[in-house]
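Engineer: Provide a 3D model corresponding to the input given below.
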Amino acid sequence: MKRGLLKQLGRDLEAPIEARGFGTGWFSGFFALVLAIFGLCCVLALRWPEWTALPELAVLRDNPSFRMVVHGVLLAAYALALLSLLLRPRKALGLTALLIALAATILGGAAVQARETHDWGIFFGVDFFAVNMIATGLMFAPVERLFPHKASQRLFRTEWREDLFYFLVSSMMVQLLTFLNLAPSSYINAHVNWLAGTREFVSGLPWLVQFAAAMFLTDLAQYWFHRMFHRVPFLWGFHAVHHSAKSMDWLAGARMHFIEIVLLRSVTSLPLLTLGFLPSVMQAYVGVVYVWSSLLHANVRGDFNALGQWIALPRFHHWHHAIEREGVDKNFAIHFPILDRIFGTYYLPESRWPSGYGVPEKVPSGYFAQFTYPFVRKRRKNG
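Structural biologist: As a prediction, this is how the structure comes out:
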(Lines give C-alpha, C1' and ligand atoms only; values in the text may rest on other atoms or scores of the structure.)
Protein backbone atom coordinates (compact mmCIF):
# COMPACT_ATOMS: atom_id res chain seq x y z
CA MET A 1 0.00 0.00 0.00
CA LYS A 2 2.77 2.41 1.00
CA ARG A 3 4.87 1.59 -2.08
CA GLY A 4 1.80 1.91 -4.31
CA LEU A 5 1.00 5.35 -2.89
CA LEU A 6 4.58 6.51 -3.45
CA LYS A 7 4.47 5.35 -7.07
CA GLN A 8 1.17 7.14 -7.60
CA LEU A 9 2.63 10.26 -5.95
CA GLY A 10 5.61 10.18 -8.32
CA ARG A 11 3.33 9.85 -11.36
CA ASP A 12 1.12 12.68 -10.07
CA LEU A 13 4.07 15.03 -9.55
CA GLU A 14 5.39 14.23 -13.03
CA ALA A 15 2.01 14.63 -14.70
CA PRO A 16 2.04 16.36 -18.12
CA ILE A 17 1.28 20.08 -18.26
CA GLU A 18 -2.24 19.57 -19.61
CA ALA A 19 -3.11 17.46 -16.55
CA ARG A 20 -2.02 20.04 -14.00
CA GLY A 21 -3.83 23.24 -15.00
CA PHE A 22 -5.89 25.42 -12.70
CA GLY A 23 -9.01 23.59 -11.56
CA THR A 24 -7.40 20.12 -11.75
CA GLY A 25 -6.33 20.09 -8.09
CA TRP A 26 -2.65 19.67 -8.98
CA PHE A 27 -1.46 23.04 -7.67
CA SER A 28 -3.46 22.76 -4.44
CA GLY A 29 -2.09 19.24 -3.92
CA PHE A 30 1.49 20.29 -4.67
CA PHE A 31 1.46 23.27 -2.29
CA ALA A 32 -0.32 21.17 0.35
CA LEU A 33 2.52 18.65 0.11
CA VAL A 34 5.21 21.34 0.42
CA LEU A 35 3.50 22.98 3.40
CA ALA A 36 2.84 19.64 5.10
CA ILE A 37 6.51 18.62 4.83
CA PHE A 38 7.60 22.03 6.10
CA GLY A 39 5.15 21.80 9.02
CA LEU A 40 6.27 18.27 9.95
CA CYS A 41 9.93 19.30 9.93
CA CYS A 42 9.14 22.24 12.21
CA VAL A 43 7.17 20.03 14.62
CA LEU A 44 10.04 17.51 14.76
CA ALA A 45 12.47 20.33 15.50
CA LEU A 46 10.23 21.60 18.31
CA ARG A 47 9.62 18.15 19.79
CA TRP A 48 13.20 16.77 19.71
CA PRO A 49 15.43 19.86 19.35
CA GLU A 50 18.57 18.07 20.58
CA TRP A 51 18.37 15.51 17.78
CA THR A 52 16.61 17.23 14.92
CA ALA A 53 17.35 20.94 15.12
CA LEU A 54 20.20 23.24 14.20
CA PRO A 55 21.36 25.10 17.37
CA GLU A 56 21.91 28.31 15.39
CA LEU A 57 18.18 28.39 14.55
CA ALA A 58 17.10 28.23 18.21
CA VAL A 59 16.40 31.99 18.22
CA LEU A 60 13.90 31.43 15.42
CA ARG A 61 12.21 28.44 17.09
CA ASP A 62 11.96 30.25 20.44
CA ASN A 63 10.15 33.21 18.91
CA PRO A 64 6.45 33.04 19.94
CA SER A 65 5.32 33.88 16.41
CA PHE A 66 7.11 30.78 15.07
CA ARG A 67 4.45 28.46 16.53
CA MET A 68 1.72 30.64 15.05
CA VAL A 69 3.36 30.25 11.64
CA VAL A 70 3.58 26.46 12.07
CA HIS A 71 -0.08 26.34 13.07
CA GLY A 72 -1.06 28.39 10.02
CA VAL A 73 1.07 26.24 7.73
CA LEU A 74 -0.58 23.01 8.94
CA LEU A 75 -4.07 24.50 8.59
CA ALA A 76 -3.25 25.62 5.04
CA ALA A 77 -1.86 22.15 4.25
CA TYR A 78 -5.10 20.55 5.45
CA ALA A 79 -7.28 22.94 3.46
CA LEU A 80 -5.28 22.59 0.24
CA ALA A 81 -5.08 18.80 0.61
CA LEU A 82 -8.87 18.55 0.97
CA LEU A 83 -9.33 20.86 -2.04
CA SER A 84 -7.04 18.66 -4.10
CA LEU A 85 -8.91 15.53 -3.04
CA LEU A 86 -12.18 17.15 -4.15
CA LEU A 87 -10.91 18.38 -7.52
CA ARG A 88 -8.43 15.75 -8.65
CA PRO A 89 -9.34 12.29 -9.95
CA ARG A 90 -5.94 11.02 -8.83
CA LYS A 91 -5.79 11.34 -5.06
CA ALA A 92 -2.09 10.65 -4.36
CA LEU A 93 -1.02 14.29 -3.97
CA GLY A 94 -3.84 15.31 -1.65
CA LEU A 95 -3.78 12.07 0.33
CA THR A 96 -0.02 12.16 0.91
CA ALA A 97 -0.17 15.78 2.04
CA LEU A 98 -3.09 14.97 4.33
CA LEU A 99 -1.23 12.04 5.92
CA ILE A 100 1.93 14.10 6.51
CA ALA A 101 -0.06 16.97 8.04
CA LEU A 102 -1.93 14.46 10.20
CA ALA A 103 1.38 12.97 11.41
CA ALA A 104 2.58 16.46 12.37
CA THR A 105 -0.65 17.03 14.30
CA ILE A 106 -0.42 13.68 16.12
CA LEU A 107 3.12 14.57 17.20
CA GLY A 108 1.73 17.68 18.86
CA GLY A 109 1.35 20.25 16.10
CA ALA A 110 2.27 23.85 16.85
CA ALA A 111 1.65 23.29 20.58
CA VAL A 112 4.19 20.47 20.81
CA GLN A 113 6.54 20.53 23.79
CA ALA A 114 10.17 19.45 23.74
CA ARG A 115 10.81 15.87 24.80
CA GLU A 116 13.90 14.77 26.67
CA THR A 117 16.49 12.97 24.56
CA HIS A 118 19.78 11.27 25.32
CA ASP A 119 22.63 13.74 25.50
CA TRP A 120 24.63 12.30 22.61
CA GLY A 121 25.50 15.68 21.07
CA ILE A 122 24.14 14.51 17.71
CA PHE A 123 21.48 16.30 15.69
CA PHE A 124 19.93 16.16 12.22
CA GLY A 125 19.06 19.51 10.68
CA VAL A 126 15.44 18.92 9.67
CA ASP A 127 14.69 22.57 10.43
CA PHE A 128 17.61 23.64 8.23
CA PHE A 129 16.32 21.37 5.44
CA ALA A 130 12.81 22.84 5.72
CA VAL A 131 13.99 26.47 5.70
CA ASN A 132 16.52 25.76 2.93
CA MET A 133 13.96 23.97 0.77
CA ILE A 134 11.31 26.65 1.15
CA ALA A 135 13.70 29.61 0.72
CA THR A 136 15.65 28.26 -2.26
CA GLY A 137 12.66 26.63 -3.92
CA LEU A 138 10.45 29.71 -3.65
CA MET A 139 13.32 31.84 -4.96
CA PHE A 140 14.18 29.85 -8.08
CA ALA A 141 11.19 27.70 -9.05
CA PRO A 142 9.03 30.72 -10.04
CA VAL A 143 11.95 32.38 -11.87
CA GLU A 144 12.54 29.20 -13.88
CA ARG A 145 8.86 29.15 -14.85
CA LEU A 146 8.79 32.84 -15.83
CA PHE A 147 12.17 33.08 -17.60
CA PRO A 148 13.18 29.55 -18.64
CA HIS A 149 16.06 28.76 -20.95
CA LYS A 150 14.34 25.47 -21.87
CA ALA A 151 10.62 26.20 -21.75
CA SER A 152 9.73 22.54 -22.24
CA GLN A 153 11.59 21.42 -19.09
CA ARG A 154 9.25 20.66 -16.21
CA LEU A 155 9.72 21.36 -12.52
CA PHE A 156 9.59 17.61 -11.86
CA ARG A 157 11.91 16.62 -14.69
CA THR A 158 13.83 13.38 -15.05
CA GLU A 159 16.05 12.59 -12.03
CA TRP A 160 14.36 15.15 -9.75
CA ARG A 161 13.92 12.53 -7.02
CA GLU A 162 17.64 11.76 -6.87
CA ASP A 163 18.56 15.44 -6.72
CA LEU A 164 15.98 16.17 -4.01
CA PHE A 165 17.47 13.31 -1.97
CA TYR A 166 20.95 14.84 -2.37
CA PHE A 167 19.47 18.14 -1.19
CA LEU A 168 17.98 16.36 1.83
CA VAL A 169 21.21 14.54 2.74
CA SER A 170 23.39 17.67 2.59
CA SER A 171 20.87 19.58 4.74
CA MET A 172 20.23 16.82 7.28
CA MET A 173 23.93 16.02 7.72
CA VAL A 174 24.82 19.63 8.41
CA GLN A 175 26.44 18.82 11.80
CA LEU A 176 28.66 16.05 10.45
CA LEU A 177 29.58 18.11 7.39
CA THR A 178 30.46 21.11 9.54
CA PHE A 179 32.68 19.01 11.83
CA LEU A 180 34.55 17.44 8.90
CA ASN A 181 34.81 20.73 7.00
CA LEU A 182 36.25 22.61 9.97
CA ALA A 183 38.84 19.96 10.87
CA PRO A 184 41.68 21.27 8.59
CA SER A 185 41.20 24.94 9.51
CA SER A 186 40.88 24.09 13.22
CA TYR A 187 44.22 22.27 13.09
CA ILE A 188 45.92 25.18 11.29
CA ASN A 189 44.51 27.75 13.73
CA ALA A 190 45.74 25.67 16.68
CA HIS A 191 49.25 24.93 15.39
CA VAL A 192 50.25 27.74 13.00
CA ASN A 193 51.29 30.86 14.92
CA TRP A 194 52.93 32.83 12.10
CA LEU A 195 49.50 33.73 10.66
CA ALA A 196 48.68 35.93 13.66
CA GLY A 197 49.88 39.11 11.93
CA THR A 198 47.92 38.26 8.78
CA ARG A 199 44.75 37.66 10.78
CA GLU A 200 45.10 41.01 12.55
CA PHE A 201 45.64 42.80 9.22
CA VAL A 202 42.69 41.12 7.47
CA SER A 203 40.28 41.66 10.37
CA GLY A 204 41.10 45.37 10.30
CA LEU A 205 40.15 45.82 6.63
CA PRO A 206 36.82 47.45 5.69
CA TRP A 207 33.92 44.98 5.60
CA LEU A 208 33.33 45.22 1.84
CA VAL A 209 37.04 44.72 1.13
CA GLN A 210 37.03 41.62 3.35
CA PHE A 211 33.96 40.28 1.56
CA ALA A 212 35.47 40.83 -1.91
CA ALA A 213 38.75 39.22 -0.79
CA ALA A 214 36.87 36.24 0.68
CA MET A 215 34.98 35.76 -2.59
CA PHE A 216 38.16 35.85 -4.67
CA LEU A 217 40.34 33.68 -2.40
CA THR A 218 37.72 30.96 -1.98
CA ASP A 219 37.09 30.96 -5.72
CA LEU A 220 40.82 30.63 -6.37
CA ALA A 221 41.04 27.69 -3.95
CA GLN A 222 38.02 25.90 -5.38
CA TYR A 223 39.16 26.57 -8.98
CA TRP A 224 42.24 24.37 -8.55
CA PHE A 225 40.33 21.86 -6.43
CA HIS A 226 37.64 21.67 -9.13
CA ARG A 227 40.22 21.34 -11.91
CA MET A 228 42.03 18.57 -10.02
CA PHE A 229 38.79 16.57 -9.78
CA HIS A 230 38.53 16.75 -13.57
CA ARG A 231 42.13 15.70 -14.22
CA VAL A 232 42.80 12.93 -11.66
CA PRO A 233 40.94 9.77 -12.81
CA PHE A 234 40.07 8.49 -9.32
CA LEU A 235 38.78 11.90 -8.20
CA TRP A 236 36.81 12.27 -11.42
CA GLY A 237 34.75 9.25 -10.31
CA PHE A 238 33.35 11.40 -7.48
CA HIS A 239 32.82 14.47 -9.64
CA ALA A 240 31.23 12.45 -12.47
CA VAL A 241 28.24 11.99 -10.16
CA HIS A 242 27.66 15.75 -10.23
CA HIS A 243 28.11 15.90 -14.00
CA SER A 244 25.78 12.95 -14.61
CA ALA A 245 22.70 15.21 -14.37
CA LYS A 246 21.09 15.37 -17.82
CA SER A 247 18.98 18.42 -16.98
CA MET A 248 20.01 21.70 -15.42
CA ASP A 249 17.94 23.56 -12.86
CA TRP A 250 18.36 25.00 -9.35
CA LEU A 251 18.06 21.54 -7.79
CA ALA A 252 20.74 19.93 -9.99
CA GLY A 253 23.47 21.74 -8.07
CA ALA A 254 22.67 19.59 -5.01
CA ARG A 255 23.79 16.42 -6.82
CA MET A 256 27.26 16.00 -5.36
CA HIS A 257 28.99 12.99 -3.84
CA PHE A 258 29.18 13.20 -0.04
CA ILE A 259 32.98 12.83 -0.03
CA GLU A 260 33.39 15.58 -2.59
CA ILE A 261 31.19 17.89 -0.50
CA VAL A 262 33.42 17.34 2.54
CA LEU A 263 36.66 17.86 0.61
CA LEU A 264 35.42 20.87 -1.35
CA ARG A 265 34.05 22.71 1.67
CA SER A 266 37.19 21.91 3.66
CA VAL A 267 39.40 23.46 0.98
CA THR A 268 37.26 26.52 0.29
CA SER A 269 36.77 27.24 3.99
CA LEU A 270 40.51 27.36 4.67
CA PRO A 271 41.06 31.00 3.62
CA LEU A 272 37.83 32.06 5.35
CA LEU A 273 38.69 30.46 8.69
CA THR A 274 42.46 30.88 8.88
CA LEU A 275 43.12 34.40 7.59
CA GLY A 276 41.13 36.42 10.13
CA PHE A 277 37.94 37.35 8.27
CA LEU A 278 35.15 38.71 10.46
CA PRO A 279 32.39 36.20 11.35
CA SER A 280 29.80 38.42 9.64
CA VAL A 281 31.84 38.29 6.42
CA MET A 282 31.96 34.49 6.56
CA GLN A 283 28.22 34.26 7.25
CA ALA A 284 27.45 36.59 4.35
CA TYR A 285 29.70 34.59 2.04
CA VAL A 286 28.01 31.29 2.97
CA GLY A 287 24.60 32.82 2.23
CA VAL A 288 25.77 34.14 -1.14
CA VAL A 289 27.31 30.80 -2.11
CA TYR A 290 24.07 28.91 -1.42
CA VAL A 291 22.15 31.24 -3.72
CA TRP A 292 24.92 31.47 -6.33
CA SER A 293 25.31 27.71 -6.66
CA SER A 294 21.59 27.32 -7.33
CA LEU A 295 21.66 30.22 -9.80
CA LEU A 296 24.56 28.74 -11.83
CA HIS A 297 22.63 25.51 -12.39
CA ALA A 298 19.23 27.18 -12.86
CA ASN A 299 17.16 26.78 -16.00
CA VAL A 300 17.12 30.53 -16.57
CA ARG A 301 17.59 32.29 -19.87
CA GLY A 302 19.83 35.30 -20.57
CA ASP A 303 23.00 35.37 -22.69
CA PHE A 304 24.77 38.24 -20.84
CA ASN A 305 27.64 38.18 -23.34
CA ALA A 306 29.46 41.15 -21.77
CA LEU A 307 28.70 40.63 -18.06
CA GLY A 308 29.29 36.89 -18.37
CA GLN A 309 32.98 37.49 -19.07
CA TRP A 310 33.48 38.85 -15.56
CA ILE A 311 30.75 37.30 -13.38
CA ALA A 312 29.82 33.61 -13.47
CA LEU A 313 26.20 33.27 -14.62
CA PRO A 314 24.06 30.28 -15.73
CA ARG A 315 25.24 30.13 -19.38
CA PHE A 316 28.89 30.16 -18.27
CA HIS A 317 28.39 27.21 -15.91
CA HIS A 318 26.04 25.36 -18.25
CA TRP A 319 28.96 25.13 -20.72
CA HIS A 320 30.95 23.47 -17.94
CA HIS A 321 28.26 20.75 -17.85
CA ALA A 322 27.94 20.56 -21.65
CA ILE A 323 27.90 17.21 -23.41
CA GLU A 324 29.78 18.79 -26.35
CA ARG A 325 33.52 18.11 -26.48
CA GLU A 326 34.26 21.85 -26.80
CA GLY A 327 32.93 22.42 -23.27
CA VAL A 328 34.92 19.61 -21.59
CA ASP A 329 37.30 20.81 -18.85
CA LYS A 330 36.25 24.46 -19.23
CA ASN A 331 34.85 27.12 -16.90
CA PHE A 332 35.97 25.88 -13.47
CA ALA A 333 35.37 29.18 -11.65
CA ILE A 334 32.26 29.62 -9.53
CA HIS A 335 32.32 33.40 -9.14
CA PHE A 336 34.93 35.02 -11.40
CA PRO A 337 35.54 33.80 -14.99
CA ILE A 338 38.75 35.87 -14.97
CA LEU A 339 40.40 32.87 -13.31
CA ASP A 340 39.56 30.69 -16.32
CA ARG A 341 40.82 33.41 -18.66
CA ILE A 342 44.12 33.60 -16.77
CA PHE A 343 44.66 29.83 -16.64
CA GLY A 344 43.44 29.03 -20.15
CA THR A 345 40.16 27.21 -19.40
CA TYR A 346 37.64 29.88 -20.43
CA TYR A 347 34.94 29.06 -22.98
CA LEU A 348 31.82 31.14 -23.59
CA PRO A 349 30.78 31.38 -27.27
CA GLU A 350 28.61 34.42 -27.87
CA SER A 351 24.87 33.80 -27.39
CA ARG A 352 25.26 30.01 -27.64
CA TRP A 353 24.09 27.41 -25.12
CA PRO A 354 24.98 23.70 -24.91
CA SER A 355 22.70 21.26 -26.72
CA GLY A 356 22.69 18.87 -23.76
CA TYR A 357 24.30 17.91 -20.46
CA GLY A 358 25.85 14.84 -18.85
CA VAL A 359 28.92 12.63 -19.27
CA PRO A 360 29.80 9.99 -21.91
CA GLU A 361 30.27 7.25 -19.29
CA LYS A 362 27.26 5.52 -17.75
CA VAL A 363 26.84 6.67 -14.16
CA PRO A 364 24.22 4.53 -12.37
CA SER A 365 20.94 5.93 -11.11
CA GLY A 366 20.07 6.18 -7.42
CA TYR A 367 21.89 7.75 -4.49
CA PHE A 368 23.47 4.60 -3.07
CA ALA A 369 24.62 3.27 -6.44
CA GLN A 370 26.18 6.66 -7.15
CA PHE A 371 27.79 6.72 -3.71
CA THR A 372 29.73 3.51 -4.48
CA TYR A 373 30.37 4.40 -8.14
CA PRO A 374 33.83 6.04 -7.64
CA PHE A 375 35.08 2.89 -5.93
CA VAL A 376 33.81 0.41 -8.53
CA ARG A 377 34.15 2.62 -11.62
CA LYS A 378 37.56 1.31 -12.75
CA ARG A 379 36.47 -2.31 -12.26
CA ARG A 380 33.31 -1.69 -14.33
CA LYS A 381 35.28 -0.08 -17.17
CA ASN A 382 37.79 -2.92 -17.20
CA GLY A 383 34.99 -5.48 -17.08
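Engineer: my read: T274 touches A196, true?
Structural biologist: No: T274 lies out of contact with A196 (C-beta atoms under 8 Å); the separation is 11.0 Å. No exception for glycine: its C-beta is placed from N, CA and C like everyone else's.
Engineer: Comparing the two, which residue is more hemmed in?
Structural biologist: T274 (19 against 10; other C-beta atoms under 10 Å).
Engineer: who's in contact with the closest residue to F211 other than its chain neighbours?
Structural biologist: Residue nearest to F211 in three dimensions, not counting chain neighbours: V281, with 5.3 Å by C-beta to C-beta, 6 or more residues apart in numbering. If you count contacts by C-beta atoms under 8 Å, 6 or more residues apart in numbering, V281 has them with W207, Q210, F211, A214, L272.
Engineer: The first one: neighbouring residues, count only.
Structural biologist: Burial measure for W207: 12 neighbouring residues, criterion other C-beta under 10 Å.
Engineer: quick one: it from F304, how far?
Structural biologist: 28 Å (C-beta to C-beta, to the nearest Å).
Engineer: picking that back up, from the contacts of V281, which ones fall inside helices?
Structural biologist: W207, Q210, F211, A214, L272 (DSSP state H).
Engineer: Whichever of the residues you listed end up buried, select them in PyMOL.
Structural biologist: Restricted to buried positions by 16 or more other C-beta atoms under 10 Å, the PyMOL selection for the ones in helices among the contacts of V281 reads:
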select buried, resi 210+211+214+272
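Engineer: Same list, the ones in helices among the contacts of V281, but as CSV with distance to R47 and pLDDT please.
Structural biologist: Shown next, in CSV, are those (distance: C-beta to C-beta, whole Å; pLDDT from 0 to 100):
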residue, distance to R47, pLDDT
W207, 39, 93
Q210, 40, 94
F211, 38, 93
A214, 37, 92
L272, 34, 82
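Engineer: The closest residue to L87 other than its chain neighbours and L99, how far apart?
Structural biologist: Among residues not flanking L87 along the chain, G25 sits closest, at 3.2 Å (C-beta to C-beta, 6+ apart). Noted for G25: a distance of 16 Å to L99, by C-beta to C-beta.
Engineer: Among those two, which residue is more densely surrounded?
Structural biologist: Counted by other C-beta under 10 Å, G25 and L99 do not tie: G25 has more neighbours, with 24 against 13.
Engineer: isn't the more buried one right next to L82, touching?
Structural biologist: No: using C-beta under 8 Å, G25 is not in contact with L82; the gap is 10.2 Å.
Engineer: Which neighbours do these two have in common?
Structural biologist: Residues within reach of G25 and of L82 at once, by C-beta under 8 Å, 6+ apart, are G94.
Engineer: for this structure, what helix or strand is lowest in average pLDDT?
Structural biologist: helix 174-191 (a mean of 63; mean pLDDT, DSSP states H and E).
Engineer: Starting from it, tell me the next helix or strand along the chain.
Structural biologist: Tracing the chain C-terminally past helix 174-191 and defining elements by DSSP states H and E, one meets helix 196-203 next.
Engineer: where does that next one sit relative to the chain's centre, distance-wise?
Structural biologist: 33 Å (C-alpha atoms, centre = their mean, to the nearest Å).
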